[in-house]
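Asker: Next come a sequence and a model predicted from it.
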Amino acid sequence: MGKTEIASALNSWYEREARDLPWRAEGASPWAILVSEFMLQQTQVERVLPRWVAWMERWPTPSALAAEEPGEAVRAWDRLGYPRRALWLHRAATEIATLHGDAVPADVDRLLALTGIGPYTARAVSVFAFGERHPVVDTNTRRVIARLVHGRAAAGMPSPRDLADMEALLPESDAEAAVFNAAAMELGAVVCTARSPRCDDCPVAAWCEWRGAGYPDNAPAKRPKQARFEGSDRQVRGRIMALLRRRPDPAPLADVLAAAAEGGVRDPGQPRRAHDSLVADGLVVELDGLVRLP
DNA sequence: AACTCGGGGCC
DNA sequence: GGCCCAGAGTT
């Protein structure tokens, strides 16, 4: 009953109201879109924008990035968080340059084979850069579907059913499907938000099962609680990465361990463990008591 | 299936 | 202080 109307209402809302983001512009290259998707993994649009602009200015093609040391990618990543993504993006660029003639592949399976690209990013690039027809499901879309279709306050754990749910709503034409995928994400990001949804501004409120049921507080399984950041290994790793981004030359290990402890640690062994884990991840290289980016 | 991995912003 | 965020890789 509502499928066509929902898509039509949501798509026209998107055409009217969507934020004007540079990777959505007409001339955005597949590489530009791929870079945006890497940066947007677990990171909000406002924080990504300036880093993305600088990145595309400096490395307009995969081969341009592949020609640089991976550490330069990590440095340019700045404080976007999860710096392994910078390393993986550099690797993906190298794979695209060498295996695909510097052209981002359009096919989901070939995208999935690239480092750092999983189920979400592969479909997002295939759909938004090449116009292929697939369901694209991120955390926003999962919440929109949970409310609109299932009448729940929040999404449960991620599952393969998410893709089937989205597929069931997807318009037939490739072009409309691509807009619908983007529109569902946009709706979740700016209207159907996790904390205080703005249902008065929602273009599909009339079809929303959760609204129809009177906004029951029926949230299913939550994701596991995130450990506190303060005093965590993540925080200590972050201190080390901040130091190495800042320093142009290799830093003595003693300086690195001191910086890791700055502001306090849970136990004396934490700086060393953090350093070792960074080395294991390939984010840090240690040679002769000197520490540097890869 | 559960863990790990940044950092910032908002309540 | 807890929760959330255009997820992915490892075990």
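Answerer: Perfect, thanks for sending it. Numbering: from 1, shown residues only, chains lettered A, B, ... in the order given.

Asker: Tell me, how many residues neighbour the closest residue to residue A:169 other than its chain neighbours?
Answerer: Excluding the flanking residues, the one nearest residue A:169 by C-beta to C-beta, 6 or more residues apart in numbering is residue A:3, at 6.1 Å. To be clear about C-beta, it is placed using only N, CA and C from the backbone, and glycine gets the same treatment. When neighbours are counted by other C-beta atoms under 10 Å, residue A:3 registers 12.

Asker: can you check residue A:207 too?
Answerer: 18.

Asker: same question, residue A:230
Answerer: Neighbour count for residue A:230, taken as other C-beta under 10 Å: 9.

Asker: What distance do you get for it to DNA strand C?
Answerer: Residue A:230 sits at a distance of 7 Å from DNA strand C (criterion: C-beta to the nearest atom of the strand, to the nearest Å).

Asker: part of a strand, is that residue?
Answerer: No. Read with DSSP: H, G, I helix; E, B strand; the rest coil, residue A:230 is coil and lies in no strand.

Asker: Next, give phi and psi for it.
Answerer: Per-residue torsions, residue A:230: phi -60, psi 120 (degrees, to the nearest 10).

Asker: Which pLDDT value goes with it?
Answerer: Residue A:230 carries a pLDDT value of 92.

Asker: residues in chain A within reach of DNA strand B, list them.
Answerer: Taking C-beta under 7 Å from any atom of the strand as the contact definition, chain A meets DNA strand B at A:42-44, A:46-47, A:79-84, A:157, A:195-196, A:224, A:226-227, A:229, A:232-235, A:237-239, A:241-242, A:277.

Asker: Now do the contacts for the residue most central in space within chain A.
Answerer: By C-alpha atoms, centre = their mean, chain A has its centre lying nearest to residue A:41, at 1.2 Å. With C-beta atoms under 8 Å, 6 or more residues apart in numbering as the criterion, the residues that contact residue A:41 are A:82, A:85, A:120, A:121.

Asker: Could you do residue A:66 as well?
Answerer: Residue A:66 makes contact with A:90, A:93, A:94, A:96, A:97, A:98, according to C-beta under 8 Å, 6+ apart.

Asker: so where does the second one fall, helix or strand?
Answerer: When you say that, I think you mean residue A:93. Residue A:93 belongs to helix A:84-99 when assigned by DSSP states H and E.

Asker: Show me what from the stretch 101-250 of chain A comes close to DNA strand C.
Answerer: The stretch 101-250 of chain A comes close to DNA strand C at residues A:115-122, A:124, A:138-140, A:143, A:154, A:182, A:185-186, A:188-189, A:194-195, A:222-223, A:225-226, A:228-229, as judged by C-beta under 7 Å from any atom of the strand.

Asker: Please produce a PyMOL select command covering the buried subset of these.
Answerer: With 16 or more other C-beta atoms under 10 Å as the burial test, the buried ones among those are selected in PyMOL as follows:
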select buried, chain A and resi 116+117+119+120+121+122+124+138+139+140+143+154+182+185+186+188+189
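
Asker: Which ones among the residues of the stretch 101-250 of chain A next to DNA strand C map onto strands?
Answerer: For these, not one is inside strands, with DSSP state E as the criterion.

Asker: check contacts around the residue of chain A found nearest DNA strand B.
Answerer: Nearest to DNA strand B, among the residues of chain A, is residue A:238, at 1.6 Å (C-beta to the nearest atom of the strand). With C-beta under 8 Å, 6+ apart as the criterion, no residue contacts residue A:238.

Asker: before we move on, what about residue A:284?
Answerer: Contact analysis of residue A:284 by C-beta under 8 Å, 6+ apart lists A:240, A:241, A:244, A:275, A:278, A:291, A:292, A:293, A:294.

Asker: Just the buried residues of those.
Answerer: For the contacts of residue A:284, a burial check counting by 16+ other C-beta under 10 Å picks out A:240, A:241, A:244, A:275, A:278, A:291, A:292, A:293, A:294.

Asker: Fine, thanks again, bye for now.
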